[in-house]
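>>> I would like to see how this sequence folds:
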Amino acid sequence: MIHPTAIVQTTDIGANTLIWQFVVILAGAKIGDHCNINCLSGMEGDVVLGDHVTLKPGVFLGNGTRVGNRVFIGPNACFVNDRYPRSRRPLDHHALTVLEEGCSIGAGAIIMNGIRVGRFAMVAAGSVVSKDVPDHALVTGNPARRIGWVDEAGEPLTLDGERWFGPTGEVFERLENGLVKRSQ
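I've put the predicted structure just below:
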């Protein structure tokens with residue numbers, strides 16, 4: 001479904017995707033299956049969305065943004081595509097910004113270009129992300145800093161000795177570099 005007030009210049013849209021009021025999507029954008037693109041969102045042409053992605057109202061995705069499957073992007077989140085912007089200066093290259101599978105971006109967060117947000121990571125509302133976010137990390141602030149770890153559902157992990165545990169008993173091991181990984 002594409003709402004009649006939306007301006008959609010791409011035809012590369014997956015099945016069962018919903019595009020709501022006053023959305024602008026430029027030619028060249030690729031959108032997966034079962035996505036929900038809420039009102040007042042914008043997407044430039046060099047953007048790729050995976051399947052089951054949710055964009056809440058007011059999200060802007062700039063050129064070079066790659067969004068994995070099952071990613072949630074909260075209201076008014078902004079993805080910067082030029083660290084040194086000038087009016088009417090076309091860029092011939094955009095650093096890729098990658099949102100890995102299952103991550104969540106909170107309302108009003110700003111994600112600088114060239115950043116990778118890892119699998120199942122969570123960026124808190126209002127954060128300014130200027131460096132990569134590891135898998136399962138919970139980050140907040142300006143600049144965003146890691147304050148904890150979360151499981152695939154976004155629930156906080158608790159530390160017990162050398163291992164982290166999710167609320168339903170799943171086990172995550174601390175790696176030598178300080179990151180966590182779900183135990184097999």
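
>>> what about Ala107, distance to Gly126?
According to Cβ to Cβ, to the nearest Å, Ala107 and Gly126 sit 7 Å apart. Any C-beta I mention is one placed from the backbone N, CA and C, and that applies to glycine too.

>>> tell me the phi and psi of Val133?
phi -110, psi 120 (degrees, to the nearest 10).

>>> could you list the domains of the chain?
Following automatic domain parsing, one finds the domains of the chain at 1-82+92-147, 151-184.

>>> so what's the residue nearest to the spatial centre of the chain up against?
Residue closest to the mean C-alpha point of the chain, counted by Cα atoms, centre = their mean, is Leu99 at 4.5 Å. Residues in contact with Leu99 (Cβ atoms under 8 Å, 6 or more residues apart in numbering) are Thr65, Arg66, Val67, Gly68, Val71, Ile73, Ile105, Ile111, Val117.

>>> out of those residues, which are buried?
Buried by 16 or more other Cβ atoms under 10 Å: Thr65, Arg66, Val67, Gly68, Val71, Ile73, Ile105, Ile111, Val117, out of the contacts of Leu99.

>>> returning to what we had before: list the beta-bridge partners for the residue nearest to the centre of the chain.
Beta-bridge pairing of Leu99 under DSSP bridges involves Val67, Val117.

>>> Asn38: how many residues sit nearby?
Residues near Asn38, counting by other Cβ atoms under 10 Å, number 19.

>>> please read the previous query as pertaining to Leu26.
Leu26: 16 neighbours (other Cβ under 10 Å).

>>> ok, the nearest residue to it once chain neighbours are set aside to Leu99 distance?
With Cβ to Cβ, 6 or more residues apart in numbering as the criterion, Leu26 has its nearest non-adjacent residue at 4.1 Å, and that residue is Gly45. Distance of Gly45 to Leu99, computed by Cβ to Cβ: 18 Å.

>>> got it, and Ile73?
For Ile73 relative to Leu99 (Cβ to Cβ), the value is 8 Å.

>>> what's the overlap in contacts for those two?
Shared contacts of Ile73 and Leu99, counting by Cβ under 8 Å, 6+ apart, come down to Val67, Ile105.

>>> just to revisit the earlier point, just the domains of the chain: most buried one?
Mean neighbour count, computed with mean count of other Cβ atoms under 10 Å, is highest for domain 1-82+92-147 among the domains of the chain, reaching a mean of 19.

>>> now do that one: distance from first to last residue.
39 Å (Cα to Cα, to the nearest Å).
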